[in-house]
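**Student:** I would like the atomic coordinates for the input below:
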Amino acid sequence: MKSIHERVADLETRLADLEAGRAPRMIQKWQRPAPRQQVTEAGLRILRAVGEAYGVKIEDLTGPTRVEPLGEARAVVVHLLRRHVQCTYSEAAAIVNRTTSNVIKNDPKVARKAARLPRFAAMIEQIAEKAGLTPEGNLNTMPA
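**Tutor:** Predicted coordinates for the structure are as follows:
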């Protein structure tokens, strides 16, 4: 166990690093990676299609508001990104401007709801078609 003096010295070193603009590894690790170009393009198409289906703006889908229709719409965006574009949770989180843990928590909810409600599953498929996504999970070259 470190002594008080050793702990103070560690904190002073970390503070000096922060003041010098050197971020510790822990902070660098938590920074969101930029999504790949293909994911960004598909994400924009999916955001447009979901926004149109739910009657909301893209800015609302990527904004801080937490009202229920937006939460479900964001989860649908993530579901489509994960299933059709094979993006990572981090990439999906960057597109909807949420934390990775939030995306991981909400992603399975859409699959469960789609399994329970055929109309919801059909709506997701319509959104996927409108966004130019094929059932096999690949992107069409021409947007819908």
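**Student:** contacting residues for the most centrally placed residue in the chain?
**Tutor:** Nearest to the mean C-alpha position of the chain, counting by C-alpha atoms, centre = their mean, stands A93 at 2.0 Å. By C-beta atoms under 8 Å, 6 or more residues apart in numbering, A93 lies in contact with R32, V78, T99, T100, N102, V103. C-beta: built from backbone N, CA, C; applies to glycine.
**Student:** Please name the nearest non-neighbouring residue to the fourth one.
**Tutor:** Right, T100. A93 (4.5 Å; C-beta to C-beta, 6 or more residues apart in numbering).
**Student:** Need the pLDDT of that neighbour.
**Tutor:** Looking at A93, its pLDDT stands at 90.
**Student:** check which helix or strand covers it.
**Tutor:** helix 89-96 (DSSP states H and E).
**Student:** Now that helix - C-alpha only, PDB.
**Tutor:** In PDB, the C-alpha atoms belonging to helix 89-96 read as follows (Å, rounded to 0.1, in the frame of the first residue of the first chain):
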ATOM      1  CA  TYR A  89     -21.000  -0.200 -30.500                       C
ATOM      2  CA  SER A  90     -18.500   2.700 -30.300                       C
ATOM      3  CA  GLU A  91     -19.200   3.700 -33.900                       C
ATOM      4  CA  ALA A  92     -23.000   3.500 -33.300                       C
ATOM      5  CA  ALA A  93     -22.700   5.500 -30.100                       C
ATOM      6  CA  ALA A  94     -20.700   8.200 -32.000                       C
ATOM      7  CA  ILE A  95     -23.400   8.500 -34.600                       C
ATOM      8  CA  VAL A  96     -26.300   8.900 -32.200                       C
END
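**Student:** Now find how far off-centre it is within its chain.
**Tutor:** 3 Å (C-alpha atoms, centre = their mean, to the nearest Å).
**Student:** Pull out the buried residues from it.
**Tutor:** Y89, S90, E91, A92, A93, A94, I95, V96 (16 or more other C-beta atoms under 10 Å).
**Student:** Turn those residues into a markdown table, columns for distance to R82.
**Tutor:** Below are the buried residues of helix 89-96 laid out as a markdown table (distance: C-beta to C-beta, whole Å):
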| residue | distance to R82 |
| --- | --- |
| Y89 | 8 |
| S90 | 11 |
| E91 | 9 |
| A92 | 6 |
| A93 | 11 |
| A94 | 13 |
| I95 | 11 |
| V96 | 12 |
